[in-house]
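A.B. asks: Sequence plus the predicted model coming up.
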Amino acid sequence: VRGFVAAGYLPESRAEEWCCTVNCYEPGQWIPPHVDNMKFSRPFAIVSLASTQPMELHPPEIYGQEEEQEEQEEATSPATALHRFLLPVGSLLVMEGPAADEYRHGIPPVSARRISLTFR
């Protein structure tokens, strides 16, 4: 974390409060589009390891839709993604502003093992 702060990727304030979440995805596993809980610090940073996999950025959630299940199934469709981009092994993605607070990010089913380190 100190290295990310020193490089300017994460703010120096609250540097001692940052934590790291490790997620391991096996082939076929995924995480639906979501906005990270607002209790977590912004910006947050994601380091991708083990394999290059796509991430999708989806439009902000529209409240009042029919069934939550249908919404999640629809939201995971590449057709609803605003952007789909690759996260190469060793890449660092810093999310802040509307990308972190409004737009939903998700990982479609992975084709190979993926490990992500999320610093919040």
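C.D. replies: Ah, there it is.
A.B. asks: Next up, the contacts around the residue nearest to the spatial centre of the chain.
C.D. replies: Nearest to the mean C-alpha position of the chain, by CA atoms, centre = their mean, lies His105 at 5.1 Å. Listed by CB atoms under 8 Å, 6 or more residues apart in numbering, the contact partners of His105 are Pro33, His34, Val35, Met55, Glu56, Leu57, His58, Met95, Ala99. C-betas here are computed from N, CA, C, even on glycine.
A.B. asks: Let me know the secondary structure of it.
C.D. replies: Taking DSSP: H, G, I helix; E, B strand; the rest coil as the rule, one finds His105 in the strand state.
A.B. asks: any idea how far the strand or helix carrying Gly3 is from the chain center?
C.D. replies: Using DSSP states H and E, Gly3 sits in helix 2-6. Offset of helix 2-6 from its chain centre (CA atoms, centre = their mean, to the nearest Å): 20 Å.
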